[in-house]
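**Student:** here is my input, please return the structure:
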Amino acid sequence: MVTAVLVAAATTTILMTSGRAAATEEAVLRTVDQQGTRTLVIQSTGDSPLLATQLVDTIATIPLVETVVGFGPVRDVTAAALPDGTRVGARLAYGVIGNVQATPRTPNEATVQLAWLSMQASRTLGLPPGAGTIRIIDGPEYTVAGVVTPPDYLQSFEPLVVIPTPADPHGKASLSTIVILAKSPEDVAFLGKTVAPLLSELPDENVSLSSSERLATLRQAIGGELTKQARVIVLAVLAISTAISLVIVWGFVLGRRKDLGRRRALGATRATIIALVVGQVALTAALASTMGALFCTATLSMLNTQIPRPSYVMAVVVGLTATAALAASVPATYAANRDPLHELRVP
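**Tutor:** Numbering: from 1, shown residues only. Alright, predicted model coming up:
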């Protein structure tokens with residue numbers, strides 16, 4: 001009973017402290033990530049596009065790149081049926097945008113006038129989601145092929161209207177912006193140094209490369225500090241609970257010396273005695289830590305605060321159960337190696 005209370009209290013302590021800290025860390029890092037901690041942007045500032053689709057293909061082969069997409073200059077569009085309606089900026093696109101492959105894969109696809117609209121763009125233009133027709137001002141019409149869901153790093157492009165474009169004919173540039181997403185914030189600085197030489201043939205005054213390196217550094221600092229604090233709390237609680245569990249189980253073993261001695265005298269092996277003691281403690285710890293985790297999760301939910309991930313909660317339950325079992329193995333081994341006849345003579 002005492003072991004169960006101890007393990008349940010330890011579980012609650014860890015989840016209420018380091019668990020909440022871990023959940024808060026994830027929330028903070030998600031907020032920072034929404035600002036684009038993994039992005040680099042190549043921007044052409046001239047009167048005409050200077051960036052070729054071949055550059056997008058080259059950057060996509062860099063191992064540190066998760067995805068890359070190129071955009072052409074912005075052109076205003078309206079719903080074809082409402083030429084005087086609300087205007088939204090449309091962009092030629094080359095690459096992958098969320099759920100949309102913005103690169104025609106066959107010559108036939110390249111000749112089809114299709115566009116993809118985000119939900120926000122459809123609402124702004126007064127069109128049903130994924131349907132309708134748009135017209136570029138003083139330009140051609142495009143059939144809406146579906147809904148594009150912009151990922152977090154492209155939220156600044158909303159309302160988003162993209163028109164897939166094929167590779168540049170004869171190498172003629174058609175893109176004005178290239179957005180690169182690194183695989184991790186830590187890769188941003190090195191990726192910037194890798195991409196910069198690819199722009200060496202373009203005029204410096206008309207092409208810029210910006211990155212989220214400062215945000216990535218901030219993210220690392222926040223994550224490192226919060227993780228460090230949470231680790232200290234977990235290790236402290238585990239150390240205290242291990243020490244107390246050791247004392248409690250030792251007292252339990254001493255109180256059952258006659259019973260354990262009788263089992264040994266009747267033929268129980270040392271391994272059986274160890275398994276009996278450790279198994280009983282492990283089962284008690286598993287049930288107690290599970291109850292503590294459920295209580296803590298319910299409490300945090302009612303308080304409307306950050307709740308640790310299920311994997312974190314499960315790790316705490318398994319960790320405390322293993323710690324209690326490990327602590328029990330010492331007195332269990334002691335009991336298994338005692339002389340059974342001597343133990344039976346103990347009053």
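**Student:** and the closest residue in space to Gly72 that isn't next to it in sequence, what does it touch?
**Tutor:** Nearest residue to Gly72, sequence neighbours excluded (Cβ to Cβ, 6 or more residues apart in numbering): Leu92, at 3.2 Å. The way it works is simple: take the backbone N, C-alpha and C, and place the C-beta from them, glycine included. Leu92 makes contact with Phe71, Gly72, Pro73, Val162, Ile163, Pro164, Thr165, Ser174, Leu175, according to Cβ atoms under 8 Å, 6 or more residues apart in numbering.
**Student:** at 7 Å what do you get?
**Tutor:** Contacts for Leu92 (Cβ atoms under 7 Å, 6 or more residues apart in numbering) come out as Phe71, Gly72, Ile163, Thr165, Ser174.
**Student:** spatially, which two of the residues you listed are the most separated?
**Tutor:** Ile163 and Ser174 (11.1 Å; Cβ to Cβ).
**Student:** hang on, the earlier thing: what helix or strand is the residue nearest to Gly72 on?
**Tutor:** Using DSSP states H and E, Leu92 sits within strand 88-97.
**Student:** list the buried ones in that strand?
**Tutor:** Val88, Ala90, Arg91, Leu92, Ala93, Tyr94, Gly95, Ile97 (16 or more other Cβ atoms under 10 Å).
**Student:** quick one: which of those residues is nearest Val207?
**Tutor:** Tyr94 (17.0 Å).
**Student:** give me the low-pLDDT residue ranges for the stretch 1-150 of the chain?
**Tutor:** 1-3, 21, 24-25, 27-36, 102, 104-112 (pLDDT under 70).
**Student:** ok, Ser311 to Pro203 distance?
**Tutor:** Ser311 sits at a distance of 50 Å from Pro203 (criterion: Cβ to Cβ, to the nearest Å).
**Student:** tell me where the protein has strands.
**Tutor:** 39-44, 65-71, 75-79, 88-97, 100-101, 114-117, 133-136, 141-147, 161-164, 177-182, 207-211 (DSSP state E).
**Student:** so the residue nearest to Gly72 bridges to which residues?
**Tutor:** On the basis of DSSP bridges, Leu92 takes part in beta bridges with Ile163.
**Student:** where along the stretch 151-300 of the chain do the helices fall?
**Tutor:** 188-195, 213-255, 257-265, 270-302 (DSSP state H, counting those that start in this stretch).
**Student:** what's the closest of the strands of the chain to Val317?
**Tutor:** Nearest of the strands of the chain (Cβ to Cβ): strand 65-71, 33.4 Å.
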